[in-house]
Structures are given as C-alpha cells and as structure tokens.
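Student: give me coordinates for this.
(2 chains)
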Amino acid sequence: MPERTVTIASSVGLHARPASLFSQAAGKTGAKVTLTTSAGKSVNAASILGVLSLGINHGDEVVIATDGDNADAALDELAALLETDLDKD
Amino acid sequence: MSEQAPELTALLAESSIRLDQSAASRDEAIRATGQALVEAGAIDEGYIDAMFERENSVSTYVGEGVAIPHGTLAGKDSVKSDALVVLRFPTPVDWDGNEVSVTVGIAAKGNGHIAILSQLASILMDPDKAAALRGATTSAEVYELLQSDEDDD
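Tutor: Residues are numbered from 1 along each chain as shown, chains lettered A, B, ... in the order given. I've put the predicted structure just below:
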C-alpha cells in the first residue's frame, strides 16, 4: 500500500486547527487514509477525533497510507499539508 | 517515567459543569462557554474574542454532537490557568449546520491544550461515551466519563 513518512511542521503540532484542515482534506480524497504515529497507533485520517486523540506534536514523524487509483496523488497532497505550518495565524 | 497527560477531571471545577444551558445560536453558545471559563478564573474576557477568532477560522465541531471551543495562539496571554468547562444544551444548538449538544471549553497556557484535546478526543471516539455525555444530567456522570482510562499508553 502506498505510504509517506512525514514530519509534522505545524508549530504546535496536529491540534485542533491543523488537525481539522488535514482531516477534511483526507476525507475529500475519497479514499480510506490511515495516519500512524511512530508509536504504532493508527487512526482513520478523516476522523478529526481520531487525529486529535493521537496528540501529535511538532516534529513528530507520522506515516500516512492509502490505496486506490489516486493513492499517490492523494498522499502527495496530504503530505504537503502536514509539512506546511498550518498554524500560521 | 513518561510525562503523564493532565487529568481532565482535575481541570474541571464542579461549578464549571453546566448541564441545563440554552443558546439561540452558535455564537451565544461560545459566549456562554467563554463566560464559564471566566467564572472559573481561568481566563480574561479577552480570551473569548480569541475563541470567536478560532471558530471563524476553522470550526471546533468534532462530531458526536460536541464542539470544543478554545482560543487561538494569540489568546494564550489571556489564560491565567489551564481549565475545562462543560456545558450541555438539552435543546441542541445549530453549529454551522451541525447539532451541538455539548461544548467543552478549553483554556490552556503554552502547549497544554494538545494533551487535553488528545485525551478528550480519545474519550469522544467511543460513541457510547459521547452519547452518555450528551445525556448527562449530573456532575458525577460527567466526571466519570472524563476519567482517563486506567491503561495509558
């Protein structure tokens, strides 16, 4: 299954605002995307509660994975989001 | 020993649990939530503006009839101490097209809110617990629901 390893760039981690933006984007891909922490915990990336529950911090490494026809394109898009500081107010 | 997440129940004063609220709009609900945080001694009124700023940027609705309004990073200076408040709206509030029955207001200094959000989210991911929170009529029920699981990882 295609996957990407990404380092979280949002300055305060994947908390409410960045998590919402990422979850919404994951949902829009139309594919089932999983988000896995370096500790091995996995959630459905489109679930905001799931993403929040992981308590991901700035600088943490995560793996996003999905399959389906547009897997690589979807992953590229989501990786780019995570590697941006979504917290810039 | 790993750093423990804050006990949610320790951040929630009994007077901050308000189970019979009503609000005509999302903004009214946010204001009531902010007011509860002010009365808990956790924030200055300025934080309430930061809560609206956050909401207008990205919704704090997280599903399961729950919203978690809190301030933007800019509002951190208005936070005196970390705290939670829980407001229940027996008549749900229209929150940008979603129905909100419970708001959990969060005030945190520094990065404290990440651990708080994470714990809260873990609890709400259990649909039974989320339903129980929406239907809670006593503070004791709320405390029991917010008690972190025994097996932390």
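
Student: buried ones in the lowest-mean-pLDDT helix or strand in chain A?
Tutor: Using mean pLDDT, DSSP states H and E, the weakest-scoring helix or strand in chain A turns out to be helix A:16-28, at a mean of 89. Neighbour counts over helix A:16-28 (16 or more other CB atoms under 10 Å in any protein chain shown) mark A:16-23, A:25-26 as buried. All C-beta atoms are positioned from the backbone trio N, CA, C, and that covers glycine.

Student: which one of those residues is nearest B:Lys80?
Tutor: Closest approach to B:Lys80 among those (CB to CB): A:Ala16, at 20.7 Å.

Student: wait, what's in contact with that closest one?
Tutor: A:52, B:54, B:58, B:60, B:68, B:70, B:113, B:117 (CB atoms under 8 Å, 6 or more residues apart in numbering or on different chains).

Student: lowest-confidence one in these?
Tutor: Lowest pLDDT within the contacts of A:Ala16 is found at B:His113 (78).

Student: chain B contacts on chain A?
Tutor: Within chain A, the residues that sit near chain B (CB under 8 Å from any CB of the partner chain) are A:12-13, A:15-17, A:20-21, A:39, A:41, A:47-55, A:57, A:87, A:89.

Student: out of those, list just those in strands.
Tutor: Residues of these located in strands (DSSP state E): none.

Student: give me the buried entries from those residues.
Tutor: Buried members of the residues of chain A next to chain B, scored by 16+ other CB under 10 Å, are A:12-13, A:15-17, A:20-21, A:47-55, A:57, A:87.

Student: please flag which of the residues you listed sit within helices.
Tutor: Per DSSP state H, helices hold the following members of these: A:16-17, A:20-21, A:48-53.

Student: so who does residue 22 touch?
Tutor: Picked chain A for this. A:14, A:45, A:51, A:78, A:81-82, A:86.

Student: ah, I was thinking of chain B
Tutor: By CB under 8 Å, 6+ apart, the neighbours of B:Ser22 are B:89-91.

Student: switch the contacts of A:Ala16 over to CSV; also include secondary structure.
Tutor: As requested, these are exported to CSV (DSSP: H, G, I helix; E, B strand; the rest coil):
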residue, secondary structure
A:Leu52, helix
B:Arg54, helix
B:Val58, coil
B:Thr60, coil
B:Ile68, coil
B:His70, strand
B:His113, helix
B:Leu117, helix
